[in-house]
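Trainee: Generate a structure from the sequence data that follows.
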Amino acid sequence: MPVLIDHKIIQTVKETAAKLQLNVYLVGGAVRDIILNRGCVTDVDFVVDKDLDRFVTDFCKLVSGKIVEWSDKDRRVFYKQKDTFTHVDFAAMTGLNITDDLMNRDITVNAIAININRLDAFSPQYLIDPANALQDIQNRKIKACGPRSFINDPVRILRALRFARKFNYRIPSETLVLMREAADLINRPAIERVKKEFFILLDQNHPEKSIRQMDEIGVLTRLIPEISQFKGLSPGQLHHQDLFNHSICTVAELPAAEKRISSLPAGKFIISEFSPQQQIEEGITRKSLLVLTALLHDSGKTMTRQNNGRSKTHYGHETAGMDLNREICKNIGLGKKGQAMVATMTRHHMRVLHLSLQDKLTERAMKRFIDAAADLFFELLLLSVADSMAIGRSPNPDRIIDVISNILDIYRRDKGRVSFTPLLNGNDIIRMTGLRNSPQIGQLLNKLCELESSGTINTREEALAWLKKNKNIA
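Mentor: Got it, this is the predicted structure:
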């Protein structure tokens, strides 16, 4: 097969194997992608039947690379190919032979191999396919390799869901049963492995479907226990679903929100500056963080519910949710930068809605949003529209789109840089209250910021009047 025979990495591996008289197998995704005619093969993994370190050392010399030891049985070689840095993964064979090795893998579509020594005479009969992967690929199914596949490594549950979403394959009921049986073990593997696979899953198309599947299998609330409190909780008067379903609908509406914003005069130009695949840390993109925030944006409502006669309110849920979501992100292993991004998006996800409810929308209020959003400007716009669309009733998403159109005009005019001076500063509060070096000064400033963001206060005079009346609040 030309895509293999002419592949430079594979030919170098073949040359090394022939020199050392070893059997080396191309396994997993690369073989699957060749069968699916998915074009250029870039991600290649090999299994070496013996003398792994001897083989990797010789290969590394040929490519002038560097060896990284992942575990006692896994090696990665990094090297530069032309102007591009690349890597190749090698693993020691598990079991007595390649059949044992493949049957110890996660899902059948990954349990397929080719002995690279036979590439020159490649034909389907040379595929090593003990799990009937070829048949499952043709039938578009994701199946476990064996009854203990997920128990042996619970992270495989997330991997199976990822491949089902990536290829739009179906997971048969017997495999779903095996996934449910292993769901209680999902927190047993190293947190880094679980986190990485979780966020890669969120980065696929239609993440809302994966979230529902995770919930049905039983892993979602084991990864994020707080989500169990979303079920059955009314998010507010205007919502037609409980908090759990509203949150998933918000995730589902993100692509439609992007489409609506892109249709605005300045929208397409500005959305093009958004880089959803930018990595925040290894395996975690801006898109996956936005999806997680969309799922958790109203988490604070589990702690702020108040009954006011006939209505139920959740005042301050953004602030409560900011702290809760930061803790959730920490517990699932997200780094400090990712934690801060999710917390900030949660804190400000109501800002555009508040602007849309103002009788008079001032340029200052819109600039304040741009300033607060900072480098999360695009995510907050998308989240605002998706949240509104997921509610299904008033507040009218069209009004929010009109506000965003005005915000985008200012953002484009000022090239994203706004000059913003607070209505009052710390010295103003000291003069008015007599407070000095007190935490209360910061509390008053934060409260004034909240009131301006919601449109309650719009001028310096209004801010001074509020401070005079409320200067003794805690």
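
Trainee: Going by the annotation, which residue ranges form each domain of the chain?
Mentor: 2-139, 141-223, 239-413, 426-470 (automatic domain parsing).

Trainee: With distance to residue 229 as added columns, please give those domains in TSV.
Mentor: No exception for glycine: its C-beta is placed from N, CA and C like everyone else's. As requested, these are arranged in TSV below (distance: least, Cβ to Cβ, whole Å):
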stretch	distance to residue 229
domain 2-139	32
domain 141-223	9
domain 239-413	4
domain 426-470	25
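
Trainee: mean pLDDT for the ones you listed: which is lowest?
Mentor: Across the domains of the chain, domain 426-470 has the smallest mean pLDDT, namely a mean of 78.

Trainee: ok, back up a step: what's the closest of the domains of the chain to residue 230?
Mentor: domain 239-413 (3.8 Å; Cβ to Cβ).

Trainee: How far does stretch 88-106 stretch from one end to the other?
Mentor: Using Cα to Cα, to the nearest Å, the end-to-end distance of stretch 88-106 comes out at 20 Å.

Trainee: which SS class is residue 315?
Mentor: Secondary structure assignment for residue 315 (DSSP: H, G, I helix; E, B strand; the rest coil): coil.

Trainee: Tell me, how many residues neighbour it?
Mentor: A count of neighbours around residue 315, defined by other Cβ atoms under 10 Å, yields 11.

Trainee: Please apply the same query to residue 8.
Mentor: For residue 8, using other Cβ under 10 Å, the count is 10.

Trainee: Equivalent analysis for the one 5 residues further on, please.
Mentor: The burial metric for residue 13, expressed as a neighbour count using other Cβ under 10 Å, is 24.

Trainee: sorry, back to before: out of the domains of the chain, which comes closest to residue 232?
Mentor: Using Cβ to Cβ, the domains of the chain put domain 239-413 closest to residue 232, at 5.4 Å.

Trainee: So which elements touch the host helix or strand of residue 158?
Mentor: Using DSSP states H and E, residue 158 falls within helix 155-167. Here helix 155-167 touches helix 149-152, helix 173-182, helix 191-202, helix 207-217, going by 3 or more Cβ pairs under 8 Å, 6 or more residues apart in numbering; DSSP states H and E.

Trainee: The spatially most central residue of the chain: what's it in contact with?
Mentor: Nearest residue to the geometric centre of the chain (Cα atoms, centre = their mean): residue 288, 1.7 Å. Residues near residue 288 by Cβ atoms under 8 Å, 6 or more residues apart in numbering: 199, 200, 202, 203.

Trainee: and of the residues you listed, the nearest to residue 74?
Mentor: Looking across these and measuring by Cβ to Cβ, the closest to residue 74 is residue 200, at 18.5 Å.

Trainee: Now do the SS call for residue 384.
Mentor: Per three-state DSSP, residue 384 ends up helix.

Trainee: sorry, that was for residue 87
Mentor: strand.

Trainee: Spatially, and excluding backbone neighbours, which residue is closest to it.
Mentor: residue 78 (4.9 Å; Cβ to Cβ, 6 or more residues apart in numbering).

Trainee: next one: residue 18
Mentor: residue 117 is the one closest to residue 18 (Cβ to Cβ, 6+ apart), at 7.1 Å.

Trainee: before we move on, back to that, which strand or helix spans the residue nearest to residue 87?
Mentor: Using DSSP H and E, residue 78 falls in strand 74-81.

Trainee: quick revisit: relative orientation of the helix holding residue 158 and helix 173-182 in degrees?
Mentor: Here helix 155-167 runs at an angle of 140 degrees relative to helix 173-182 (axes from the mean of the first three to the mean of the last three Cα atoms, to 10 degrees).

Trainee: I'd like to know which of the domains of the chain is closest to residue 231.
Mentor: domain 239-413 (4.5 Å).

Trainee: just to revisit the earlier point, so the residue nearest to residue 18 sits right up against residue 14, yeah?
Mentor: Yes: between residue 117 and residue 14 a contact is recorded at 6.7 Å, counting by Cβ atoms under 8 Å.

Trainee: which residues are common contacts for the two?
Mentor: Contacts common to residue 117 and residue 14, judged by Cβ under 8 Å, 6+ apart, are residue 24.

Trainee: ok, the two, which is more surrounded?
Mentor: residue 14 (21 against 15).

Trainee: Pull up the gap between the closest residue to the more buried one other than its chain neighbours and residue 15, please.
Mentor: Using Cβ to Cβ, 6+ apart and skipping the chain neighbours, the partner closest in space to residue 14 is residue 116 (4.8 Å). Separation of residue 116 from residue 15 (Cβ to Cβ, to the nearest Å) stands at 10 Å.

Trainee: which residues does residue 107 contact?
Mentor: So residue 107 contacts 142, 143, 144, 145, 149, 156, 159, 160, 163, 175 (Cβ under 8 Å, 6+ apart).
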